[in-house]
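*Asks:* Give me a model of this one.
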Amino acid sequence: MLNYLSAELYKLRRKKSLYIGIAALLVLESLLFTPSLWIDEMPLAEILMGFFTTALPCGLFLAPVFAVLAFDNQHGYATLKNEVVFGIPRSRVYLGKLLAGMTAGTVAAAVVIGWYLLLCMLTAGPIAESPFWTELLIDIISAWLTWLAALSFAMFLLFSMGSSAGAMVVTYLIAFIGVPVGMIGAGEGAAPWIRLLVNLFYSAPYKRFWYDLGGNVNDTSPLHWDALSYAVLVCAVWVGIFTALGLLRLRRREIK
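*Replies:* Numbers count the residues shown, from 1 in each chain. Okay, the predicted model is just below:
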């Protein structure tokens, strides 16, 4: 498994689009710190950190990109058949590509987030308050967990559908509808099964921070830790269910 994962990561490292995308994100982040956007009368550190927390859900729309990069157009190149004929277990193929996408995306996110926080400290000065960093770390971990859930779902569709383009269309249609609904939540008048689906959607953990806590970025009350536990639960449900379904679907699928 480790050898297969290493081979998948090697292929990802050779994709220029991956580096171009990360570079573009770093440039866009850097533009936020141009002197023309600074206003001395405003609390710059709070504004920059507030923007960072608000922008975290955008990563959910980037998760399918890493799934596509790791999947490497298996349908178009027909490489999946070659791997199976060569004797590689189907479960290893699925898990290897899933873990490769997760690893590459995690490293990319670490670079992008690290660069933003570095620019924040260089621009607004160090922020030494322990509660702030504790809450920020919880936010980042929760965002990472929801991101893993979104990627697992995208990988399931890529392996299940006969077209990578079709799988991405379905993935983004569900994301554009489900992500905001999950963050807002269902009304009290909604049917119980609808509220259950909304509360278990992979973007639902964000609601705990922005609504239950009123957007207080320095609040480290138990609700924040409860939100982290909620993100762990949602991630386990999505990764576990869709990985199991993907393995089952790939095992029963006739590969041509």
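*Asks:* tell me the contacts of His75?
*Replies:* Residues near His75 by C-beta atoms under 8 Å, 6 or more residues apart in numbering: Gly162, Ser163, Ser164. To be clear about C-beta, it is placed using only N, CA and C from the backbone, and glycine gets the same treatment.
*Asks:* Let me know the next secondary structure element after the one helix or strand it maps to.
*Replies:* According to DSSP states H and E, His75 maps onto helix 74-77. Following helix 74-77 in sequence order, the next helix or strand is helix 79-86 (DSSP H and E).
*Asks:* Show me what the helix or strand that that next one is followed by is packed against.
*Replies:* The helix or strand immediately downstream of helix 79-86 is helix 90-124, counting by DSSP H and E. Applying 3 or more C-beta pairs under 8 Å, 6 or more residues apart in numbering; DSSP states H and E, one finds that helix 90-124 contacts helix 2-13, helix 16-31, helix 44-55, helix 63-71, helix 79-86, helix 130-160, helix 222-252.
*Asks:* quick check: angle from helix 90-124 to helix 130-160?
*Replies:* 150 degrees (axes from the mean of the first three to the mean of the last three C-alpha atoms, to 10 degrees).
*Asks:* Buried residues of helix 90-124, list them for me.
*Replies:* Within helix 90-124, the residues that count as buried by 16 or more other C-beta atoms under 10 Å are 90, 93-105, 108-109, 112-113, 116-117, 119-120, 124.
*Asks:* likewise stretch 228-246?
*Replies:* Buried, per 16+ other C-beta under 10 Å, within stretch 228-246: Leu228, Tyr230, Ala231, Val234, Cys235, Trp238, Val239, Phe242, Thr243, Gly246.
*Asks:* gap between the second one and Trp238?
*Replies:* When you say that, I think you mean Tyr230. Per C-beta to C-beta, to the nearest Å, Tyr230 is found 13 Å from Trp238.
*Asks:* Can you report how many residues lie near Pro180?
*Replies:* 12 (other C-beta atoms under 10 Å).
*Asks:* Can you name the residues that contact it?
*Replies:* Ser203.
*Asks:* now the helix or strand containing it: how far from the chain's centre is it?
*Replies:* Here Pro180 sits within helix 164-184, counting by DSSP H and E. On the basis of C-alpha atoms, centre = their mean, to the nearest Å, helix 164-184 sits 13 Å off its chain's mean C-alpha point.
*Asks:* Just after that helix, pick out the following helix or strand.
*Replies:* helix 192-199.
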